[in-house]
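Q: return a 3D structure for these sequence lines:
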Amino acid sequence: MFTICQGQLLQFYATFAATFSIFSYGVQHGWTAPAIAKLLSNESTIQITEAESSWLASIEMVTLAISSIICVNISKYISARTVCILQVIPSITGWLLIAFGTNVYYFYISRVLVGFVDVFDFLSIPVYLSEISNPNIRGALMCVIPLMCCAGSIYSYFFGYLLSIQTFALISLSIPLINALLMIKLPESPYYLIFQNRFDEGKQVLQQLRGKENIDIEFEIIKRNLDEQKSHEISWHKLFTNSLNRSALIIIISVTMIQQISGGQTIGSYLHLILEETNLDINIEVTATIFPFVQLFTSIVSVFIIDKVGRRKLLLFSCFGCILTLISLGIYFYFEKNREQLYWIPLPSIYLYSFFFNSGLADIGLILSGELFPTYIKTYGAAMGCLTYGLFGFIANKLYQTMVDLVGLYFVFWFYSGATLLGVCYIYFVLPETNCKSLSEIQVMMNKSTSKNKNIALDGLGVNTISSKL
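A: Below you'll find the predicted structure:
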C-alpha cells in the first residue's frame, strides 16, 4: 500500500511552490499566441507589423544565450532555491511593461525578461528538485515541471483571447506575486548547505525532507561525494575537459536534439497551419485547443508512471509512438488525391503524437540535466541544455518551412520519423538508466561508464595496464 510520510509532504509542497514559477512562466510564454493576433488586428490601440510580430514571437529564444551566462555566473554565489526566487523580479516587471506599454518596444523588453525567467526557472528548478527529492519519487516530481508549464500555456491561451491585453496582464501580475508568497517557506537544498560546509543545517533539512528515516548513511555519502567535488575547478571548460562531465553533456545534447528533431516544438508552433492544410471541415480554433489538453493529460499520467516504468522504457515507448504517428501524417499529406478516403488519419494522429511526445520526449532533458551532472557543475550543464534546446528549436522551426517549400509537408513528417528512429538507437544503446538511483549512485554509475569507455579505447591501442581507479 502506498503511504506518504511527513518528509514526502514537504517534498510535495516544495515541488508545488517551486514549479508554480514554471506555471507563471508558461502563462508569459503562451502570451504571444493570443496577443499577436490582437495586435495585428485593426481594433488594436497598438499596431504592429508582421515583421514586428515575428520578433515578438522569437525574441525570447534569442536571449537564451545571454541569460544563461548571466544566470550561471549568479549561481556561483547563491543556491538554486535563491535563483528560483529571483525570477519573480523579471516576471513582475514583464507584466507591468505589457500592462502599461504604449508601443511594441515595451513588449520587446517584456519578452527579453521572459527569456531570463525561462533560464532562471529551467536552470534552477530541475537542480533544486533533484537535490531535495527521494530517488523513488524524483522522476515524478520532475515531471511536474512540464505539467505546470502546459497548464500555464492553457491559462494564457483561454484568458488571453477573452480579455484585453492590458486587463490580462494586470490579472496575471498576481501569479508571480502568489509564487513569491509560496516560496517564502521553501526549504533550502541540503546539497547546497553541505557543499557550503553548513553541515548542521544541511543535516537538519535532510532530516525534514526524509521524515523519520535514518539519514546518517545518506548524509555521509552526500558529504563524501561533495568533498570530492570541491577539489574540482568550477568553469565552463570543465564541461568539456572532464570526462565525466563531457559524457553527461553529450547525453544532454543528444537527448535534446532528439527531442527537437522529432518535431515536438515545430508541430506545436505550426499547428494552426498544419490543420489548415488537412482541408478538413473543422473548427480550427476548437481543434487546436484540444492539443494542449492532451499535453496536460499526458504530463499528469507521466507523473505517476515514470518512476515505475523507468526513463529508458518510457522514452522508447514515446519514440516508437511518435514514429508511427508521424509516418501516418506523412502518408495522409503524400496522397493528396485520396484525402477523402483518408480523412480519419490526421486528427487522431496529431493528438496521438501529442500523447506520445509528452509521455517521454518532452520531459527527459529536464530530468537528466538535474540528475547526470555533479553538484559543482550542475548549473553549467543545465545552461548548456537550455542553449541546446534554443539552438535546435530555432533550427527545427527554420527547417520546417524550407522543407515544406522545397519538397512538401509529407516529407517533413517522414523526416521527423526517420530522425526519431535514429534517436531510438541512441537511447537503446547509450542512454543510462537513472531510475530510483540517488544522485551519488548516478555519479558512481557515470564514473564506471566513463572508466569502461577509456579502458576499451586504451585496450584498442594495446595498453593493457590501466589503473582500476581514474
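
Q: find the residue closest to the most centrally placed residue in the chain in space, skipping its chain neighbours.
A: Central residue of the chain (C-alpha atoms, centre = their mean): residue 366, 4.5 Å from the mean position. Spatial nearest neighbour of residue 366, chain neighbours left out: residue 126 (5.0 Å); criterion: C-beta to C-beta, 6 or more residues apart in numbering. Yep, even glycine has a C-beta here, placed from its N, CA and C like the rest.

Q: quick revisit: host element of the residue nearest to the centre of the chain?
A: helix 362-371 (DSSP states H and E).

Q: once you drop chain neighbours, what's closest to residue 279?
A: residue 339 (6.5 Å).

Q: just checking, that neighbour touches residue 332?
A: Yes. Residue 339 lies in contact with residue 332 (C-beta atoms under 8 Å); the separation is 6.8 Å.

Q: more crowded one of those two?
A: residue 332 (21 against 15; other C-beta atoms under 10 Å).

Q: residue 344 is in contact with the more buried one, correct?
A: No. Taking C-beta under 8 Å as the definition, residue 332 is not a contact partner of residue 344, at 9.4 Å.

Q: any weak-confidence spans in this protein?
A: 1-7, 54, 232-233, 269, 285, 337, 449-470 (pLDDT under 70).

Q: thinking residue 378 is in contact with residue 129, fair?
A: No. Using C-beta under 8 Å, residue 378 and residue 129 do not qualify as a contacting pair, with a distance of 11.8 Å.

Q: what is in contact with these two at once?
A: Common contacts of residue 378 and residue 129, defined by C-beta atoms under 8 Å, 6 or more residues apart in numbering, comprise residue 370.

Q: what about residue 344, how many neighbours?
A: 9.

Q: helix/strand/coil for it?
A: Recorded secondary structure, residue 344: coil (DSSP: H, G, I helix; E, B strand; the rest coil).

Q: how close does it get to residue 280?
A: Computed as C-beta to C-beta, to the nearest Å, the residue 344 to residue 280 distance reads 10 Å.

Q: leaving out the residues flanking it, which one is nearest to residue 263?
A: Of all residues not flanking residue 263 in the chain, residue 416 sits nearest, at 3.9 Å (C-beta to C-beta, 6+ apart).

Q: before we move on, what SS does that neighbour have?
A: Secondary structure of residue 416, per three-state DSSP, is helix.

Q: quick one: contacts for it?
A: 261-263, 266, 322, 326.

Q: for these, which single residue is the most surrounded?
A: Busiest of the contacts of residue 416 [other C-beta under 10 Å] is residue 322, holding 30 neighbours.

Q: name the next helix or strand downstream of the helix or strand containing that one, please.
A: Per DSSP H and E: residue 322 is located in helix 311-334. Where DSSP H and E defines the elements, the next helix or strand beyond helix 311-334 is helix 346-356.

Q: what's that next one packed up against?
A: With contacts taken as 3 or more C-beta pairs under 8 Å, 6 or more residues apart in numbering; DSSP states H and E, helix 346-356 sits against helix 271-277, helix 284-309, helix 311-334.

Q: out of the ones you listed, nearest to residue 138?
A: Among these, the nearest to residue 138 by C-beta to C-beta is helix 284-309 (7.2 Å).
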